[in-house]
Structure formats: C-alpha cells, structure tokens
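Q: The sequence isn't on hand, but the structure is:
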C-alpha cells in the first residue's frame with residue numbers, strides 16, 4: 001500500500017519536511033516512490049504538486065493526518 005506522508009530533511013533544529021509517496025511498510029527515511037512537495041515549519045511555507053497528489057489519491061494511496069491537513073489548508077477538492 002502507498003501512503004503520502006512527511007519525510008524529515010535537514011539538520012538538527014533546522015528541519016524541513018518533504019511530502020512523499022512511499023510504501024507504507026518503509027521507514028520514514030526509506031526509499032520514496034515520488035516527491036510531491038515540501039513543508040518548511042520555520043517559515044510556514046508549503047509547496048504541493050496538486051496534479052501528482054490527486055493522481056496518487058485516485059490510485060488508492062492513503063494520506064497521513066498531517067498531509068490531509070495540508071491539503072485541506074490548500075482547499076484541494078476531494
């Protein structure tokens with residue numbers, strides 16, 4: 001099963017997150033299928049590849065709660 005979730009990136013106390021499509025059984029820093037955007041909590045900026053995200057959702061990918069909240073903030077239609 002494929003999940004859309006956050007992958008931690010960056011150094012200690014300066015982390016950013018990448019929104020990725022990854023196998024649900026993989027660890028957080030495991031091999032990704034595709035990168036779909038990023039989130040920078042220090043600047044509160046988010047960039048999303050909406051077309052790729054909707055394609056993964058239509059093919060049956062599950063969203064984590066955090067990624068789901070990002071999509072709601074971006075007002076992405078279900």
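A: Okay, I see it. Only a predicted model underlies this, so the values are computations on that prediction, with no experimental measurement involved. Numbers count the residues shown, from 1 in each chain.

Q: low pLDDT regions in this protein?
A: For the chain, applying pLDDT under 70 flags the ranges 77-78.

Q: show me the contacts for the residue nearest in space to the middle of it.
A: The C-alpha lying nearest the average C-alpha coordinate of the chain belongs to residue 19 (Cα atoms, centre = their mean; 2.3 Å). Each residue near residue 19 by Cβ atoms under 8 Å, 6 or more residues apart in numbering is listed here: 4-7, 35-39, 48, 53, 67, 70. For every residue, glycine as well, the C-beta is placed using N, CA and C.

Q: Just the buried ones among those, please.
A: Buried by 16 or more other Cβ atoms under 10 Å: 4, 5, 6, 7, 36, 37, 38, 39, 48, 53, 67, 70, out of the contacts of residue 19.

Q: Out of these, which sit inside strands?
A: Of the buried ones among the contacts of residue 19, the ones assigned to strands by DSSP state E are 4, 5, 6, 7, 36, 37, 38, 39, 48.
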